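Undergrad: Got a predicted structure here, sequence first:
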Amino acid sequence: MFREPIRTPVKINDTTYERELPNGKVEIGDKDSVDFKPNLKLKRWGEECFIKVGLPTSKKKSPIVEGEKIKWQDTDREARFYPLEPTVVTAKDKDNKDVEFTQNELGGFEFEIILKKKPSSNKIVLDIEAQGLKFYYQPPLAPKELAQGRVRPENVIGSYAVYHSTRTNFHTNAQDAEKYKCGKAFHIYRPKVTDALGKECWAELHINEKLTITIPQDWLDKAVYPVLVDPNFGYETKGGTSYAYWDFDGSKFTAPAGGTVTSISMYLMTSNGGNVNFGYYNDNAGAPGTHVAHGTAENLGSFIDWKTIAVSGSITNGNFYWLVGQQDATIFMYYDGGDANQEAEDASYAFDTWGDNPSGLSYYAAVLSIFATYTAGGGGETLYGQAILVGVGSTTILAKKISRGEVLFEGVGNLTAIGNAIAAQVTLYGQALLAGVGNLTVLGKRTLKGTTTLAGVGNLTASAKKILRGTTILAGVGNLTTVGKKVLRGVSVLAGVGTLTAVGKTTKGGKVVLAGVGTLTATGYSKVIRKVISLSVKLHSRALSVALHGRSLITNLHNRSLSVKTRSKP
């Protein structure tokens, strides 16, 4: 269980403090504001996902730091921010037995709100912003679920389980499996409200563009102030509800790629032992269909952790599969309320039987704490015997690859290259199209035969030369942002360029077009045609000649003198 010594938050600028937890950083304040704001931002998996909540205010108040706590104080309200250690809570099952739950499993953070006097409204409305996350509301368990022996703690009822919005429960390697597990990022627990005499009540939590905490008005009318409201944000890896009286239980997920499953893992807890086994099924119209594969049953003994069993079978990109656990004892599994009919369960299933299209299943809106690890199938893409991508780290292709030299990459999402970018160069018709590129985000397409070199490119960092028909188009360029196109044969070298930083020289027809230029901003269209306006500018003791198509010129550059000559070509 996570424990760490008391630490003072680190001040990262005048308006923001930072606290690092084992699985993510927490920011208190607002880095983009000129004044301190009572905001809390929790990050997960680096910068991949985050939640940011804040108490709206226009008042300028400096924070107070007391040990691990940061306080923001106003006349009627106060906000306190501080880290939380893992906490064990208990809840009763159907037989009135205590079931233990560890909350704030990887640590948590409190956003404590103090009402110094009776508020004008019984609602506290917080701003909320999220990235890469989806929120599952956790309602009270239905009578049928309670009768089965499912257990949901009081502070989980009316709370939100927060999951990664795009990853599925299939992971392509052990590192991702350990990192993401079942994809759960946070749990926002239901707030408890306490007055000055220690009287308590539960508030209602609702998230829909705003995070709203509603306190019973009758309770507020009778409360002795100040009143403390304690929304708790926990870093979690498993579900907040448990169930022990199952024999067959599974959840449905989408395979993100084709490959071979190597193992299935499920979070379990037992003090009495018992046997478990894991497997998976194809989906058949929203129900487990044909059985694909399962592992070998294992005895747990006394156990509380993620249990992994080796399983081998194939998966197909984009298909739905049911990841299933079976047991023969009273072993607690964990889950959160999820999408409709995402859980299939049977409490009287013969252990370790894996027939096709199992019958007698009941379906619930729940996502189990279960995931699979797989090895991606297939190798590099090839066309006409050539490797299209060699040595590439990760690639997301949303459309098509080369088609007889017409399109190199169309609709590419993200490309991260190791070594020579599109390593060993990408060649077509014997020419190097892009060599030594670090990162490339492509929004359009590239065509050959000298028509268009790069069209619709977002950002390009180049460390080598781009050559077409033996001519250097861009040499030694640091950063280039283009919104137009590049056309060859001397018609237009750069059209519609936003910002260009040149390190070396760019040549055209043996002449230096741009030499040692720091920054060039072009808002029009650079082209050599019949009528030319020649501008000679004395700048820092060096002369620069620029050919422009247009009649307006910028004067007063660095308070230097300008001389303008106009001449016509036949």
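TA: Happy to help now that I have it.

Undergrad: Next, the contact list for residue 10, please.
TA: Remark: with contacts taken as CB atoms under 8 Å, 6 or more residues apart in numbering, residue 10 is in contact with 17, 18, 19. Every residue, glycine included, has its C-beta placed from N, CA and C.

Undergrad: tell me the mean pLDDT over stretch 94-114?
TA: pLDDT averaged over stretch 94-114 equals 95, rounded to a whole number.

Undergrad: pLDDT weak spots in the protein?
TA: Residue ranges of the chain with pLDDT under 70: 1-7, 378-570.

Undergrad: That one - how does it break down into domains?
TA: 10-235, 244-376, 382-515, 528-570 (automatic domain parsing).

Undergrad: most neighbours, which of the contacts of residue 10?
TA: Comparing the contacts of residue 10 on neighbour count, residue 19 comes out first with 21 neighbours (neighbours: other CB atoms under 10 Å).

Undergrad: Surely that residue touches residue 29?
TA: No: because the distance of 11.2 Å does not satisfy CB atoms under 8 Å, residue 19 is recorded as not touching residue 29.

Undergrad: what about the strands in the stretch 51-200 of the chain?
TA: 64-66, 69-73, 77-84, 87-92, 98-103, 108-115, 123-131, 133-138, 159-164, 170-171, 184-189, 192-194, 200-202 (DSSP state E, counting those that start in this stretch).

Undergrad: Same check on the stretch 251-400 of the chain?
TA: Assignment of strands within the stretch 251-400 of the chain using DSSP E, counting those that start in this stretch yields the ranges 259-270, 275-284, 287-294, 298-299, 303-315, 320-327, 332-337, 343-346, 362-364, 366-368, 370-376, 382-383, 386-387, 392-397.

Undergrad: which SS class is residue 221?
TA: State at residue 221, reduced to three classes by DSSP: H, G, I helix; E, B strand; the rest coil: helix.

Undergrad: Which residue, other than its chain neighbours, is closest to it?
TA: Counting by CB to CB, 6 or more residues apart in numbering, the nearest residue to residue 221 once its immediate chain neighbours are dropped is residue 118, at 7.6 Å.

Undergrad: cool, residue 233 as well?
TA: residue 109 (5.0 Å).

Undergrad: Could I get the contacting residues of that neighbour?
TA: Contacts were defined as CB under 8 Å, 6+ apart; by that measure residue 109 touches 19, 21, 26, 40, 42, 81, 82, 83, 84, 232, 233.

Undergrad: How about the contacts made by the first one?
TA: Read that as residue 19. Counting by CB under 8 Å, 6+ apart, residue 19 makes contact with 7, 9, 10, 25, 26, 28, 68, 83, 109.

Undergrad: which residues touch the helix or strand the fifth one falls within?
TA: Element membership of residue 26 [criterion: DSSP states H and E] is strand 24-29. If you take CB under 8 Å, 6+ apart as the criterion, strand 24-29 is touched by 9, 12, 15-20, 36-37, 39-45, 63, 70, 81, 83, 109, 235.

Undergrad: Tell me which of the strands of the stretch 51-200 of the chain sits most buried.
TA: Here the criterion is mean neighbour count by mean count of other CB atoms under 10 Å, and of those the winner is strand 184-189, at a mean of 26.

Undergrad: quick one: strands adjacent to that one?
TA: Note on strand 184-189: by DSSP bridges, its sheet partners are strand 159-164 (antiparallel), strand 232-235 (antiparallel).

Undergrad: Out of those, which is closest to residue 268?
TA: When those are compared by CB to CB, strand 159-164 sits nearest residue 268, at 18.5 Å.

Undergrad: Export that closest one to PDB, keeping only CA atoms.
TA: Coordinates of each C-alpha in strand 159-164 appear next as PDB, following Å, rounded to 0.1, in the frame of the first residue of the first chain:
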ATOM      1  CA  SER A 159     -19.900   8.700  -7.300                       C
ATOM      2  CA  TYR A 160     -18.000   8.600 -10.700                       C
ATOM      3  CA  ALA A 161     -15.600   6.000 -11.900                       C
ATOM      4  CA  VAL A 162     -13.300   7.600 -14.500                       C
ATOM      5  CA  TYR A 163     -11.700   5.600 -17.300                       C
ATOM      6  CA  HIS A 164      -9.400   6.100 -20.300                       C
END
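
Undergrad: All good on my end, thank you.
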